[in-house]
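# turn this into a model:
(one chain, ligands or ions: 1)
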Amino acid sequence: MADTRTATLTFDGKTIELPILSPTVGPDVIDIRKLYAQGDVFTYDPGFTSTAACESAITYIDGDKGELLYRGYPIEQLAEHSHYLEVCYLLLNGELPTADELADFENRVTRHTMLHEQVHNFFRGFRRDSHPMATMVGVVGAMSAFYHDSLDITDPWQREVASMRLIAKLPTIAAMAYKYSVGQPFVYPRNDLDYASNFLHMCFSVPAEQYKVEPALAKAMDLIFTLHADHEQNASTSTVRLAGSSGANPFACIAAGIACLWGPAHGGANQACLEMLREIGSVDRIPEFVARAKDKNDPFRLMGFGHRVYKNFDPRAKVMKESADEVLELLGVHNNPLLQVAKELEKIALEDPYFVEKKLYPNVDFYSGIILEAMGFPTSMFTPIFALSRTVGWISQWKEMIGDPTGRIGRPRQLYAGATAREYTDVTKR
Ligand code: ACO
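Take a look at the predicted model:
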């Protein structure tokens, strides 16, 4: 939103006036779009620590306060009063739905939960021991080969159908990736179950025995989906936007987002965090690992700690922690040694000057893994569950980008540090 103020940049005898844009909340933004044209210079910001790459009205984070808003609503309120599909509607449409709108939305998502039967053959092409994230990247990308009637991104109706398909089918795909990895038959979705219960059913039922979905676990599952639904312009969301800026189809864009999410610095941290807790094993070994995390010469980091934006408690981690206590109590595993290690580690890290000075607080991944493990998921499923939860955020951001009339293909520039122009030499003379 344009402002009357400008920022003045002076260098090499040139003075350039740069407009200042005011957000509805958060820091002002200096508009440098014309900087190269007017000043023949680029800005340099690897990792985008000071760069707003787009205008967005979906999610807002105040990292210092530890605040997260979806369309203006605090995450704590949504976690307490709402549920995942209502949050999906909110993220996609900007407003909470009326009762009729919600019923219609839930019905539409539910009617798309089955996958094209030929996709089953596609799954079978993967190695038996494939990581479910590897399978998901492939299968979601392959959706563009199965759903030709929702690939035209210039048609709003096709964009809508693609969105519904992705939100509805990602749990089916994630559950199938899991079933395939453990050598069990695929379980078809049940449309009489809610979104989270259906996912648990597809993961844990077998043809010989139906899984009885415990409502409290379905609620905890739904909460995990809700807390991961969107998170502003993080690495995977930016990947989806960049892929989409070229006009790539939505399935290809979401597959790109899943690939990016897999990294241990991003969505892969929940798996890495649980593996780290297992490696630590007992409370008495925590000091050794904390010392390693602080050692500049050791690449080890405390997984589940630190965040690019939050310099305070991740508000999702607070909600997740309460849920972890409830789930473990319900399942009778409150003496879980991993939870004891996690609690003690959190306590030590929050008091340690290294972590305090660097403002390294537990993030959402610190507790989600403990809940998921207690529910019976192997660590390899943690990131797929994050991916299916985040799909709605990626789609909302992708749709917002497609609808932006000022949108252009994303094309960063560089600070070139390579050789200057030189003559080619023949292989015999090198
Ligand atoms: N353990 C130990 N030291 C850490 C940690 C950690 N988990 N995280 C950051 N630091 C230190 C760094 O060594 C660095 O120290 P220095 O200033 O002395 O060099 C300082 O804190 C700043 O860290 P950066 O890496 O510059 O911060 P950045 O914003 O680039 O990274 C990240 C954020 C990737 C999340 C980082 O904190 C990390 O690797 N955490 C562990 C992985 C993790 O939990 N990721 C999940 C993120 S949340 C999500 O995706 C859902």
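# number of residues surrounding residue 41?
Applying other CB atoms under 10 Å, we find 14 other residues in the vicinity of residue 41. Where C-beta positions appear, they are placed from N, C-alpha and C, glycine not excepted.
# that one should be in a strand, yeah?
No: counting by DSSP: H, G, I helix; E, B strand; the rest coil, one finds residue 41 to be coil, located in no strand.
# for it, what are its contacts?
The contact partners of residue 41, taken as CB atoms under 8 Å, 6 or more residues apart in numbering, are 11, 35.
# list phi and psi for it.
Backbone geometry at residue 41, expressed as degrees, to the nearest 10, gives phi -130, psi 160.
# from the ligand, how far off is it?
Counting by CB to the nearest ligand atom, to the nearest Å, the separation of residue 41 from the ligand is 25 Å.
# same check on residue 419?
For residue 419, the distance to the ligand - CB to the nearest ligand atom - is 30 Å.
# and the pLDDT at that residue?
We have a pLDDT of 98 for residue 419.
# helix or strand for it, which one?
Under the criterion of DSSP states H and E, residue 419 resides outside all helices and strands.
# okay, now it: neighbour count?
6.
# same check, this time on residue 278
Neighbours around residue 278, by other CB under 10 Å: 14.
# in the longest helix along the chain, what counts as buried?
Ordering each helix of the chain by length in residues (DSSP state H) puts helix 156-182 first. Neighbour counts using 16 or more other CB atoms under 10 Å place 158-159, 161-181 of helix 156-182 among the buried residues.
# of all of the protein, which residue lies closest to the ligand?
Nearest residue of the chain to the ligand, counting by CB to the nearest ligand atom: residue 306, 2.3 Å away.
# what's the closest non-adjacent residue to that residue?
Among residues not flanking residue 306 along the chain, residue 360 sits closest, at 4.4 Å (CB to CB, 6 or more residues apart in numbering).
# tell me which stretches of the stretch 101-250 of the chain form helices.
Secondary structure of the stretch 101-250 of the chain (DSSP state H, counting those that start in this stretch): helices located at 119-124, 132-142, 156-182, 195-204, 215-227, 235-245, 250-261.
# now the stretch 301-430 of the chain
Assigned by DSSP H, counting those that start in this stretch, the stretch 301-430 of the chain shows helices spanning 315-330, 337-351, 353-357, 365-375, 382-402.
# dump the ones you listed into TSV; add distance to residue 419 and mean pLDDT as well.
Listed next are the helices of the stretch 301-430 of the chain as TSV, based on distance: least, CB to CB, whole Å; pLDDT from 0 to 100:
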stretch	distance to residue 419	mean pLDDT
helix 315-330	46	88
helix 337-351	45	87
helix 353-357	41	92
helix 365-375	42	88
helix 382-402	36	97
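# tabulate those (CSV), appending distance to residue 217.
Shown next, in CSV, are the helices of the stretch 301-430 of the chain (distance: least, CB to CB, whole Å):
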stretch, distance to residue 217
helix 315-330, 7
helix 337-351, 16
helix 353-357, 32
helix 365-375, 6
helix 382-402, 13
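# done for today, thanks.
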